[in-house]
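Chemist: next input, structure requested:
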Amino acid sequence: MPSTWVYVIRHGEVEHAAEGRFFGHTDVALSATGLLQVEALARQLAIEPIEAVYASDLTRARQSAAPLAGTRGLDPVVVPALREMAMGRWEGLTFREIQEREPEALARWLASLTTFPFPGGENLEDLRARVMPAFREILARHAGGRVAVVAHGGPNRVIVAEALGLPLGHLLRLAQDYACWSVVEYRTDATILHSLNQRVAGIAAAPPVERTAVG
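Modeler: Below you'll find the model as predicted:
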């Protein structure tokens with residue numbers, strides 16, 4: 001059977017990105033820069049034979065998927081299970097604000113990313129249990145084809161880590177910049193990562209912050 005190819009794409013830069021806030025299920029929109037990034041992304045991937053575009057149901061993912069799908073005369077297929085990790089009461093806060101308010105909980109989270117959940121939210125095991133069944137359905141639906149999945153830093157890292165056989169605790173070693181894409185080939189007998197965190201050229205992003213938002 002021919003390989004199945006998946007373009008795993010992170011949404012563009014969001015509003016307030018420079019503040020480094022934790023945006024999980026919070027439904028923020030793309031910034032002006034983010035909109036330019038996803039238009040450039042669509043142009044750079046225009047020659048790729050992508051037959052379907054899937055997206056998280058959050059606004060930033062749907063906005064990012066629209067140009068890519070539009071160049072092909074497609075509508076993005078919305079999959080709520082692809083949304084970012086739920087961050088509970090830390091939603092919308094910066095790393096420094098969390099550190100000031102709940103230093104002990106933050107230390108426990110950093111020490112046990114896989115199993116310790118965001119207070120009132122999910123942990124990485126919860127995220128994988130939600131994302132991977134939906135992703136496997138996409139793979140099965142497009143066996144032998146090429147598809148794009150437009151989601152978030154957390155779900156994308158889970159997908160790539162699963163492809164590489166990496167433990168969940170290593171997820172943050174996988175870079176996921178705004179509007180980046182990674183390409184994974186699913187063969188019958190192996191899974192091959194062809195590229196990771198490819199970025200659009202010529203679009204200036206927000207300056208780095210102390211600790212970037214996960215979403």
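Chemist: and the lowest-mean-pLDDT helix or strand in the chain, what's buried?
Modeler: When each helix and strand of the chain is scored by mean pLDDT, DSSP states H and E, helix 103-111 comes last, with a mean of 92. Across helix 103-111, burial judged by 16 or more other CB atoms under 10 Å covers 105-106, 109. C-beta: built from backbone N, CA, C; applies to glycine.
Chemist: please apply the same query to stretch 125-134.
Modeler: For stretch 125-134, a neighbour-count test (16+ other CB under 10 Å) marks 127-128, 130-131, 134 as buried.
Chemist: quick one on the thing from earlier: give me the residues contacting the helix or strand that the least confident helix or strand of the chain is followed by.
Modeler: Next in sequence after helix 103-111, counting helices and strands by DSSP states H and E, comes helix 124-141. Under the criterion CB atoms under 8 Å, 6 or more residues apart in numbering, residues 4, 6, 54, 79, 81-82, 85-86, 113-115, 117, 122, 147, 149, 151, 154-155, 158-159, 162, 168-169, 171, 186 lie in contact with helix 124-141.
Chemist: got the CA positions of helix 124-141 in PDB?
Modeler: Taking C-alpha atoms only, helix 124-141 is exported to PDB below (Å, rounded to 0.1, in the frame of the first residue of the first chain):
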ATOM      1  CA  LEU A 124      -0.200  15.000  28.700                       C
ATOM      2  CA  GLU A 125      -1.700  11.500  29.100                       C
ATOM      3  CA  ASP A 126      -5.200  13.000  28.900                       C
ATOM      4  CA  LEU A 127      -4.100  14.900  25.800                       C
ATOM      5  CA  ARG A 128      -2.700  11.800  24.100                       C
ATOM      6  CA  ALA A 129      -5.900   9.800  24.900                       C
ATOM      7  CA  ARG A 130      -8.000  12.500  23.300                       C
ATOM      8  CA  VAL A 131      -5.800  13.400  20.300                       C
ATOM      9  CA  MET A 132      -4.500  10.100  19.000                       C
ATOM     10  CA  PRO A 133      -7.800   8.200  18.400                       C
ATOM     11  CA  ALA A 134      -9.000  11.200  16.300                       C
ATOM     12  CA  PHE A 135      -5.700  11.400  14.400                       C
ATOM     13  CA  ARG A 136      -5.800   7.600  13.700                       C
ATOM     14  CA  GLU A 137      -9.300   8.000  12.200                       C
ATOM     15  CA  ILE A 138      -7.900  10.700   9.900                       C
ATOM     16  CA  LEU A 139      -5.000   8.300   8.900                       C
ATOM     17  CA  ALA A 140      -7.400   5.500   8.200                       C
ATOM     18  CA  ARG A 141      -9.800   7.800   6.100                       C
END
